[in-house]
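S.K.: Kindly generate the corresponding structure for this input.
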Amino acid sequence: MSAETGKADQITRFQFYRLALAYRVVSALIVVLVLLQAVLVGRGWFLGEGNLVKIHGNLGSLTFLAAVALGAIALALRPSARHWLRFLAPIAILIILVAAQLGLGYSGRKNSDAAALHIPNGVLIFGLSVLILVAPLPRSNRR
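M.R.: Reported below is the predicted structural model:
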């Protein structure tokens, strides 16, 4: 709580717009990264270009970092209590799914069950990341 204003954890309008822009850019980056990973691994499997599969894995790690960054930006936006769960829950689920995807991808090299789950989880991640990108931003605690 600020001593001067007596208002808890508020951000200025300018800070909100900067964070909102960063939020949109990072969420768009996640969508592009997930789609690019699908293209690369498909080309790697069907055209026999093994180096593309390795790039796919590296982009997966970058996607995880971007998802964590998106979570940090979302927290910095300080959504109001009314919008908090609806706004942050999809991002938290995305972070969990991407972390699981990394585990499935590395395990899938030796375990066909993990590899079989890797593909539908990727589709789920893509759908959720698009939902996060197009969802409206909640009201924030702004002054």
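S.K.: in this structure, which spans are strands?
M.R.: With DSSP state E as the criterion, the chain has no strands.
S.K.: Touching, residue 122 and residue 100? I think so.
M.R.: No - Residue 122 is not in contact with residue 100 according to C-beta atoms under 8 Å; the separation is 10.6 Å. (C-beta placed from N, C-alpha, C; glycine too.)
S.K.: what about these two, which has more around it?
M.R.: Higher neighbour count among residue 122 and residue 100: residue 122, with 21 against 16, using other C-beta atoms under 10 Å.
S.K.: tell me the contacts of the more buried one?
M.R.: The neighbours of residue 122, taking C-beta atoms under 8 Å, 6 or more residues apart in numbering as the test, are 34, 37-38, 101.
S.K.: can you tell me how far it sits from residue 55?
M.R.: Distance of residue 122 to residue 55, computed by C-beta to C-beta, to the nearest Å: 15 Å.
S.K.: cool, and residue 101?
M.R.: With distances taken as C-beta to C-beta, residue 101 is found 16 Å from residue 55.
S.K.: Next: residue 20.
M.R.: Distance from residue 20 to residue 55, by C-beta to C-beta: 31 Å.
S.K.: wait, doesn't residue 24 sit right on residue 132?
M.R.: No - assessed by C-beta under 8 Å, residue 24 is found out of contact with residue 132, at 10.0 Å.
S.K.: who has more neighbours, these two?
M.R.: It is residue 132, of residue 24 and residue 132, that has more neighbours when counted by other C-beta under 10 Å, with 23 against 15.
S.K.: ok, that one touching residue 91?
M.R.: Yes - between residue 132 and residue 91 a contact is recorded at 6.4 Å, counting by C-beta under 8 Å.
S.K.: Could you pull out the residues contacting both of these two?
M.R.: With C-beta under 8 Å, 6+ apart as the test, residue 132 and residue 91 both reach residue 70.
S.K.: Name the nearest residue to residue 50, sequence neighbours excluded.
M.R.: Sequence neighbours aside, residue 44 is the residue nearest to residue 50 in space, at 6.3 Å (criterion: C-beta to C-beta, 6 or more residues apart in numbering).
S.K.: Look at that neighbour and say how many residues are nearby.
M.R.: Quick note: residue 44 (other C-beta under 10 Å) scores 17 neighbours.
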